[in-house]
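1. Sequence and predicted structure, then a few things I'm wondering about:
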Amino acid sequence: MTGPPVLQVRGLVKVFGDRPVLRGVDVDVHEHQVVALIGASGSGKSTLLRCINLLERVDDGQVLLDGADVTDPRVDVDDVRRRIGVVFQAYNLFPHMTVLDNVTLAPRVVRKVPRREAEARALALLERIGLADKAREYPDRLSGGQQQRAAIARAVANDPRLLLLDEVTSALDPELVGEVLALVRELKDQGLTILMATHEMGFARQVADRVAFLDDGVVLEEGSPDRVLGDPVEPRTRQFLARIIDAGRL
């Protein structure tokens, strides 16, 4: 392990109506570690991320952030969300704001950083990810890959303790996927702590420290990328990866 656990999920249960989506999920993410969640559509990956960020109410179990139970009903939800950055499949940039305003919104409003300081930091971040020339543009003037990179910049501008990435390349044309994955790789190199749901198995093998295979609402198998993706133990994991290979994603 690369550091103490930033995130600990214990026995997490989420039910929609009479349909259990998460059935006792356990997963840890240690400091400066990248954990990739893999699994078929409907396996619970996105729901798990939404529960961690308290966008969905947890029916049972615990989510611990730096050892504190954030699923305690007495917790300050806004404070938890300040410490967790989230990037969804859809970019969710505010269309009436420039890229710069999108990126500086949370530091200015949530952390009360002065506008000049927030903009200076945002411009440095946009420069680093190749979007400095788009700072004054509106999202509809950007390509899908540029919009997703801007969304990631917005998530990290608030210095989150944990970054959640939910299939951040699934809405992109294939030729745009590489630029977003390159940014995620850079964030890993900078030491961010990341939990990401992904269908890009080759990328998970390259970047993740650990891979967790989610199947029917439980973590069925977890381990190093080489072990889980290269020599899985569980038949369901092997079956899933065989389909991915057939689709040309591994």
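-> Yep, it's here. Numbering: from 1, shown residues only.
2. For the rest of this, base every contact and every neighbour count on C-alpha atoms.
-> Will do.
3. Kindly indicate whether Arg10 is helix, strand or coil.
-> strand (DSSP: H, G, I helix; E, B strand; the rest coil).
4. For it, which non-adjacent residue is spatially closest?
-> With Cα to Cα, 6 or more residues apart in numbering as the criterion, Arg10 has its nearest non-adjacent residue at 4.7 Å, and that residue is Asp26.
5. and that neighbour, what is it in contact with?
-> Asp26 sits next to Gln8, Val9, Arg10, Gly11, Leu12, Val218, Val219 when contact means Cα atoms under 8 Å, 6 or more residues apart in numbering.
6. could you flag which of these are buried?
-> Buried members of those, counted by 16 or more other Cα atoms under 10 Å: Gln8, Val9, Arg10, Leu12, Val218, Val219.
7. low-confidence ranges in the protein?
-> Of all residues in the chain, those with pLDDT under 70 make up the ranges 1-3, 246-250.
8. what separates the spatially most central residue of it from Glu117, distance-wise?
-> Residue closest to the mean C-alpha point of the chain, counted by Cα atoms, centre = their mean, is Leu165 at 1.7 Å. In this structure, Leu165 and Glu117 are 27 Å apart, going by Cα to Cα, to the nearest Å.
9. what's the neighbour count on Gln190?
-> Neighbours of Gln190 under the rule other Cα atoms under 10 Å: 10.
10. Next up, the contacts around it.
-> Not one residue lies near Gln190 by Cα under 8 Å, 6+ apart.
11. what are the phi and psi values for it?
-> With angles defined as degrees, to the nearest 10, Gln190 sits at phi -80, psi -10.
12. likewise Thr98?
-> Taking degrees, to the nearest 10, you get phi -70, psi 170 for the backbone angles of Thr98.
13. any idea which of the buried ones among the contacts of Asp26 is closest to Arg185?
-> Gln8 (22.9 Å; Cα to Cα).
14. Pretty sure the closest one sits against Glu31.
-> No. Between Gln8 and Glu31 there is no contact under Cα atoms under 8 Å: 11.2 Å.
15. before we move on, the earlier item: if you drop the residues flanking it in sequence, what lies closest to the residue nearest to the centre of the chain?
-> Here the residue nearest Leu165, using Cα to Cα, 6+ apart, is Met196, at 4.4 Å.
16. Go ahead and confirm the one you found touches Leu164.
-> Yes. Judged on Cα under 8 Å, Met196 makes contact with Leu164 at a distance of 5.6 Å.
17. Which neighbours do those two have in common?
-> With Cα under 8 Å, 6+ apart, Met196 and Leu164 have no common neighbours.
18. related to what we said a few turns ago, ok so the residue nearest to Arg10 is a strand residue?
-> Yes. Assessed with three-state DSSP, Asp26 lies in a strand.
19. ok, it to Asp140 distance?
-> Distance from Asp26 to Asp140, by Cα to Cα: 39 Å.
20. May I see the buried residues of stretch 155-167?
-> Buried-residue list, stretch 155-167, by 16+ other Cα under 10 Å: Ala155, Val156, Ala157, Asn158, Pro160, Arg161, Leu162, Leu163, Leu164, Leu165, Asp166, Glu167.
21. tell me the two of these that are most distant?
-> Asn158 and Glu167 (20.8 Å).
22. which residues sit in contact with the residue nearest to His199 when sequence neighbours are not counted?
-> Leaving aside its chain neighbours, His199 sits nearest to Ile38 (6.4 Å; criterion: Cα to Cα, 6+ apart). Applying Cα under 8 Å, 6+ apart to Ile38 gives the contacts Lys45, Ala197, Thr198, His199, Met201, Val211, Ala212, Phe213, Leu214.
23. how does it look with 10 Å?
-> For Ile38, the contacting residues are 44-45, 167, 196-201, 204, 211-215, 219, 222, 229, 237, 240-241, by Cα atoms under 10 Å, 6 or more residues apart in numbering.
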